[in-house]
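**Student:** sequence and predicted structure are below.
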Amino acid sequence: MVYLVNVEVDGYKTLDIMDSEFESCSKDTVAVVLDEQTSNYLYNYYTVIRNLLINKNRVILIMVDGESKIRKQLCMLAASYKNYDIYTVKSKDNIDSEYIETILERQPTMEEVETFIGADITAYSEMNEILLKLCDSVSVEDIDRVAEIVYQNKEMIQCFPSIIDYMKKAIDNYSSGLDSKVVELKERIEKVENEALTAKLEAEAKKQELEEALEEIKGLKREIAAANQRCDDLEKQLGASGPLIKTYSTVNTSLIKCKVKSVLYFKEISSVRYINSFTSRFFETLSKIDKLSVKLLIYDNSSIYNVIYKPLPVISMSDYLNNREQFLTKIDKIVIIEPNKVILEEMLGLDYDCIIIYDRLKQAEDLVTGNIVYKYWVINSMKQIIDLDTVGQKIDRTKIITHVGVCPEALAISEIPAYKGATEAAKISKYVHMENVGKTTGRVFDIIKERTNLRSIINAKSAKR
């Protein structure tokens with residue numbers, strides 16, 4: 001195979017001097033054109049050409065006039081390996097396929113190089129042998145033999161000083177190139193080490209992510225198993241001929257996937273005048289004025305309230321399952337007559353700002369608890385408050401909603417004159433401006449917002465708008 005460097009000729013393959021293909025070349029021919037652009041790359045050319053010669057490749061050096069400043073060093077290198085394929089051309093344009101074919105067929109001699117290229121080139125390759133011959137003759141004090149060797153090789157010997165100077169310079173250049181190579185290799189090693197460290201850290205991070213994902217999968221499997229069990233229980237309950245669920249266990253928001261930001265829980269001990277309109281208007285204030293996403297869930301275990309709650313849907317568990325998607329995504333005011341925790345857990349899993357739960361079930365257990373749950377008691381008389389204290393239900397008086405005159409610490413719902421004849425907007429406005437009657441001053445709705453996390457949710461929503 002014949003390769004060319006620094007010139008393109010039809011029928012031959014051209015490679016860069018640093019091409020990796022040269023590393024595996026053996027018994028091939030490489031023609032290297034030395035022009036001006038090669039002057040600053042002595043180290044690269046020297047090391048590659050030396051390796052080519054060691055691997056028994058034929059190296060042809062073609063010098064373009066006197067352009068290359070590294071031609072002598074490379075010619076001497078070639079000559080030291082008895083490789084005398086060294087030529088000069090006036091212009092790079094003279095190098096064509098005919099020229100390449102011609103020099104490929106030639107076998108130049110040392111004498112030709114000495115005549116046409118320079119005696120110092122051949123002297124470089126012969127200097128060692130000449131000096132050895134002189135040393136042998138001097139050691140036996142054969143003066144005639146010394147004179148004969150000097151006479152026979154006088155032209156070459158005259159070149160020895162310049163060759164020695166060149167060798168010194170070559171060593172310096174080679175050392176400089178070697179130092180640069182060492183620096184380059186150190187930089188590459190440091191880069192590889194940094195890449196390895198980065199890869200190790202990424203692998204550790206991926207391992208951590210995998211472990212977390214596996215733990216999450218385990219948790220999801222447990223949730224699926226629990227959900228399947230609930231489904232089995234529900235199927236049994238729906239197929240049973242007995243009464244609907246009347247008892248329940250409390251849902252803790254911290255133990256489920258709760259996405260709701262705030263839960264306002266009203267637990268009714270006894271009915272208070274205007275409580276229905278109070279609750280409904282508070283819902284409308286949050287949704288229409290404060291622009292929050294809100295659901296109102298009223299729990300009542302008697303179906304006789306169908307008329308009272310009309311037009312709100314009054315649903316059991318079977319009703320919910322038949323229209324589950326609609327109740328979750330489209331209807332925001334629902335009356336639930338069967339306190340199955342599945343409904344409440346799924347409602348709490350919605351991405352809503354607030355859910356208002358009004359509990360009329362009259363059970364000791366709360367429907368919901370947790371750190372985002374804000375509970376208010378709805379109580380009609382002071383006697384009932386005292387009775388609850390007596391049985392161990394010590395109630396914070398400020399967390400009671402009642403009517404005017406029952407408890408000074410509680411929130412009181414006042415009567416609103418001409419309420420029935422007012423427009424819907426006016427009714428909402430009257431409740432929004434209702435002042436509390438008692439020790440805590442301010443508007444009732446505002447007091448509830450300030451005591452819960454509703455105010456911060458409203459402020460955050462306003463900031464985004």
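**Tutor:** Perfect, thanks for sending it. Note that the coordinates shown come from a computational prediction; the quantities given were computed from them, not determined experimentally. Numbering: from 1, shown residues only.
**Student:** tell me where the stretch 151-300 of the chain has helices.
**Tutor:** 154-158, 160-239, 275-284 (DSSP state H, counting those that start in this stretch).
**Student:** got the domain boundaries for this protein?
**Tutor:** Domains of the chain are assigned by automatic domain parsing as 2-117, 251-464.
**Student:** least confident of the helices of the stretch 151-300 of the chain, on average?
**Tutor:** Among these, helix 154-158 carries the lowest mean pLDDT, at a mean of 65.
**Student:** what about the closest residue to S180 other than its chain neighbours, distance to S20?
**Tutor:** Using Cβ to Cβ, 6 or more residues apart in numbering and skipping residues adjacent in sequence, the residue nearest S180 is Y43, 7.3 Å away. Where C-beta positions appear, they are placed from N, C-alpha and C, glycine not excepted. Separation of Y43 from S20 (Cβ to Cβ, to the nearest Å): 17 Å.
**Student:** repeat that for N371.
**Tutor:** Relative to S20, and taking Cβ to Cβ, N371 is found at 66 Å.
**Student:** with neighbour numbers in mind, choose between those two.
**Tutor:** N371 (11 against 8; other Cβ atoms under 10 Å).
**Student:** pretty sure that one sits against N252.
**Tutor:** No. N371 is beyond contact range of N252, at 9.6 Å (criterion: Cβ atoms under 8 Å).
**Student:** tell me which residue lies nearest the centroid of the chain.
**Tutor:** E202 (10.3 Å; Cα atoms, centre = their mean).
**Student:** what's near enough to touch that one?
**Tutor:** Counting by Cβ atoms under 8 Å, 6 or more residues apart in numbering, E202 makes contact with nothing.
**Student:** quick one: it from E209, how far?
**Tutor:** Distance, E202 to E209, by Cβ to Cβ: 10 Å.
**Student:** residues contacting the residue of the chain positioned farthest from its centre?
**Tutor:** In the chain, counting by Cα atoms, centre = their mean, D144 sits farthest out from the average C-alpha position, at 85.1 Å. By Cβ under 8 Å, 6+ apart, no residues touch D144.
**Student:** surely it is within a strand?
**Tutor:** No. Membership of D144 in a strand is not supported by DSSP: H, G, I helix; E, B strand; the rest coil, which gives helix.
**Student:** partner residues bridging the nearest residue to R58 once chain neighbours are set aside?
**Tutor:** Nearest non-adjacent residue to R58, counting by Cβ to Cβ, 6+ apart: T29, 4.5 Å away. Beta bridges link T29 to V2, R58 when assigned by DSSP bridges.
**Student:** E105 is in contact with T29, correct?
**Tutor:** No. T29 is not in contact with E105 according to Cβ under 8 Å; the separation is 11.5 Å.
**Student:** comparing the two, which residue is more hemmed in?
**Tutor:** More crowded of T29 and E105, by other Cβ under 10 Å: T29, with 19 against 7.
**Student:** distance check, the more buried one against A196.
**Tutor:** From T29 across to A196, the span is 41 Å (Cβ to Cβ).
**Student:** end to end, how far does stretch 389-404 reach?
**Tutor:** 21 Å (Cα to Cα, to the nearest Å).
**Student:** next, count neighbours for the nearest residue to V30 once chain neighbours are set aside.
**Tutor:** Spatial nearest neighbour of V30, chain neighbours left out: Y3 (4.8 Å); criterion: Cβ to Cβ, 6+ apart. The number of residues packed near Y3 is 19, by other Cβ under 10 Å.
**Student:** mind listing what Y3 touches?
**Tutor:** Y3 neighbours (Cβ under 8 Å, 6+ apart): Y12, K13, T14, L15, E21, F22, C25, D28, T29, V30, A31.
**Student:** mind checking pLDDT for the last one?
**Tutor:** It refers to A31. 92.
**Student:** give me phi/psi at it?
**Tutor:** Per-residue torsions, A31: phi -100, psi 120 (degrees, to the nearest 10).
**Student:** what's the local residue count around it?
**Tutor:** Applying other Cβ under 10 Å, we find 25 residues neighbouring A31.
**Student:** repeat for the first one
**Tutor:** Residue neighbour count, defined by other Cβ under 10 Å, stands at 15 for Y12.
**Student:** how about the second one?
**Tutor:** One way to gauge burial is a neighbour count; for K13, by other Cβ under 10 Å, it gives 11.
**Student:** quick check: it touching V7?
**Tutor:** No. Contact status for K13 versus V7: not in contact, 11.5 Å apart, counting by Cβ under 8 Å.
**Student:** beta partners for Y87?
**Tutor:** Note on Y87: beta-bridge partners I62, judged by DSSP bridges.
**Student:** hang on, it packs against I62?
**Tutor:** Yes. Using Cβ under 8 Å as the test, Y87 is close enough to I62 to be in contact (5.1 Å).
**Student:** report the contact partners of the residue nearest to R58.
**Tutor:** Contact partners of T29, counting by Cβ under 8 Å, 6+ apart, are M1, V2, Y3, N57, R58, V59, I60, L104.
**Student:** in a markdown table: those residues, plus distance to L328.
**Tutor:** As requested, the contacts of T29 are exported to a markdown table (distance: Cβ to Cβ, whole Å):
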| residue | distance to L328 |
| --- | --- |
| M1 | 76 |
| V2 | 79 |
| Y3 | 75 |
| N57 | 80 |
| R58 | 84 |
| V59 | 82 |
| I60 | 85 |
| L104 | 86 |
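**Student:** in stretch 390-399, what's buried?
**Tutor:** For stretch 390-399, burial by neighbour count (16 or more other Cβ atoms under 10 Å) applies to I395.
**Student:** contacts for it next, please.
**Tutor:** The contact list for stretch 390-399 (Cβ under 8 Å, 6+ apart) reads 375-377, 379, 385, 388-389, 407, 409-411, 440, 451.
**Student:** what about 10 Å?
**Tutor:** 267, 269, 364, 374-377, 379, 384-389, 407-411, 438-440, 447, 451 (Cβ atoms under 10 Å, 6 or more residues apart in numbering).
**Student:** ok, of those, which come out buried?
**Tutor:** Among the contacts of stretch 390-399, those that count as buried by neighbour count (16+ other Cβ under 10 Å) are 267, 269, 374-377, 379, 384-385, 388, 407, 410-411, 438, 447.
**Student:** state the helix or strand in which K72 lies.
**Tutor:** In the assignment (DSSP states H and E), K72 maps to helix 71-80.
**Student:** now do the nearest residue to I149 once chain neighbours are set aside against E148, distance only.
**Tutor:** Nearest residue to I149 in three dimensions, chain neighbours excluded: K133, at 5.2 Å (Cβ to Cβ, 6+ apart). Computed as Cβ to Cβ, the K133 to E148 distance reads 10 Å.
**Student:** higher neighbour count, these two?
**Tutor:** Each of K133 and E148 has its neighbours counted (other Cβ under 10 Å); K133 has more, 17 against 13.
**Student:** ok, E268 - how many residues close by?
**Tutor:** Counted with other Cβ under 10 Å, E268 comes out at 22.
**Student:** that older thread, where's the residue nearest to R58 relative to L132, distance?
**Tutor:** Relative to L132, and taking Cβ to Cβ, T29 is found at 32 Å.
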